[in-house]
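*Asks:* Model the following, please.
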Amino acid sequence: MNFFHRQVQLWGEDTQHLLQTKKIAIIGSGGLGSSLAFALGASGIGEIHMVDFDEVSLHNIHRQIAFKVGDEGKNKAVLNAQLIEERCPYVKAIAHECNFEEFCKKNIKVDLIIDATDNLPTRAEINAYAKSKNLPWVYGSVEAFHGQVCFIEESSFTDAFKIIQKTPAGIAAPIVMHIASLQANLALRYLAGLNVKKDILYYLFFNEEGELITQKFGLPKQ
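*Replies:* Just a heads-up that it's a prediction; the model follows:
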């Protein structure tokens, strides 16, 4: 409990022990995924599955905080899992060097799925899988200086979004960490048994004057 002292001050030993029984899957181990690994990897969640088929490229490193120059060519999920266990020996981190479809075939039971992907079709696959398993999931996306986040339980991602292939625009590194932080807070509150507002899409952006604006929208229930 010394390792988690400040969290125990927040919610007590019973809740910290509860977290140790929880299992999550983070789909994608790049920008959002590596920030999520930092944010949740030392929280005391019992088991974290990192899923990604991709390898580190030089252009990833500025916004994918788990990686450094010299990591090029290494699998992203493997590096994140190693990082989690190095920072917190009380969390079991498992790397899956595969895409989401292949991960689903493993039929691993988790309490929550967190989206850290970068494309709409894979998020549609996450939505379908989560509905088939009666699982909640946390959606997050980033582009330029804006981002979106939502804890999805009763709503359906494919009812709210048009599923298309789209090449994202440039991305500022801080917004990646900001959206991942919001995802991590939603996930941690849910796993700790605290209140979470569900099926509300939060959209954050900087306007032309540089003011941070937050809007929220209710998603349609399935």
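*Asks:* Report the next helix or strand after the helix or strand of the chain with the lowest mean pLDDT in sequence order.
*Replies:* When each helix and strand of the chain is scored by mean pLDDT, DSSP states H and E, helix 157-160 comes last, with a mean of 84. Downstream of helix 157-160, the first helix or strand assigned by DSSP states H and E is helix 173-191.
*Asks:* Can you name the element that comes right after that next one?
*Replies:* Next along from helix 173-191, by DSSP H and E: strand 200-206.
*Asks:* Show me what counts as buried in that following strand.
*Replies:* Residues of strand 200-206 classed as buried: 201-202, 204-205 (neighbour count, 16 or more other Cβ atoms under 10 Å). C-beta coordinates here come from the backbone N, C-alpha and C atoms, glycine included.
*Asks:* Run the chain-centre distance for that strand.
*Replies:* 16 Å (Cα atoms, centre = their mean, to the nearest Å).
*Asks:* in its sheet, what does that strand sit against?
*Replies:* Here strand 200-206 is paired, per DSSP bridges, with strand 146-152 (antiparallel), strand 212-218 (antiparallel).
*Asks:* Next, the angle helix 173-191 makes with the last one.
*Replies:* Between the axis of strand 212-218 and that of helix 173-191 there is an angle of 40 degrees, by axes from the mean of the first three to the mean of the last three Cα atoms, to 10 degrees.
*Asks:* can you give me the mean pLDDT across strand 212-218?
*Replies:* Across strand 212-218, pLDDT averages out at 95.
*Asks:* Repeat that for stretch 180-193.
*Replies:* Mean predicted confidence for stretch 180-193 is 98.
*Asks:* For that stretch, buried residues please.
*Replies:* For stretch 180-193, burial by neighbour count (16+ other Cβ under 10 Å) applies to 180-188, 190-192.
*Asks:* one step back: quick check: of the buried residues of strand 200-206, which lies closest to residue 119?
*Replies:* Looking at the buried residues of strand 200-206 and their distance to residue 119, the nearest is residue 201, at 17.8 Å (Cβ to Cβ).
*Asks:* pretty sure that closest one is touching residue 148, no?
*Replies:* Yes - if you go by Cβ atoms under 8 Å, residue 201 and residue 148 touch, sitting 6.1 Å apart.
*Asks:* Which neighbours do these two have in common?
*Replies:* residue 139 (Cβ atoms under 8 Å, 6 or more residues apart in numbering).
*Asks:* In what element of secondary structure is residue 123 found?
*Replies:* With DSSP H and E as criterion, residue 123 is part of helix 120-133.
*Asks:* Touching the least confident helix or strand of the chain from outside, list them.
*Replies:* 123-124, 126-128, 139, 201, 219-220, 222.
*Asks:* ok, the next helix or strand along the chain from the helix holding residue 123: who's next to it in the sheet?
*Replies:* Following helix 120-133 in sequence order, the next helix or strand is strand 137-143 (DSSP H and E). Strand 137-143 has the following strand partners under DSSP bridges: strand 112-115 (parallel), strand 146-152 (antiparallel).
*Asks:* Could you save these as a markdown table and add columns showing mean neighbour count and mean pLDDT?
*Replies:* Formatted as a markdown table, the strands paired with strand 137-143 follow (neighbours: other Cβ atoms under 10 Å; pLDDT from 0 to 100):
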| stretch | mean neighbour count | mean pLDDT |
| --- | --- | --- |
| strand 112-115 | 26 | 98 |
| strand 146-152 | 23 | 96 |
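*Asks:* returning to what we had before: what's the angle from the helix holding residue 123 to strand 137-143?
*Replies:* Using the same axes, to 10 degrees: helix 120-133 against strand 137-143 is 170 degrees.
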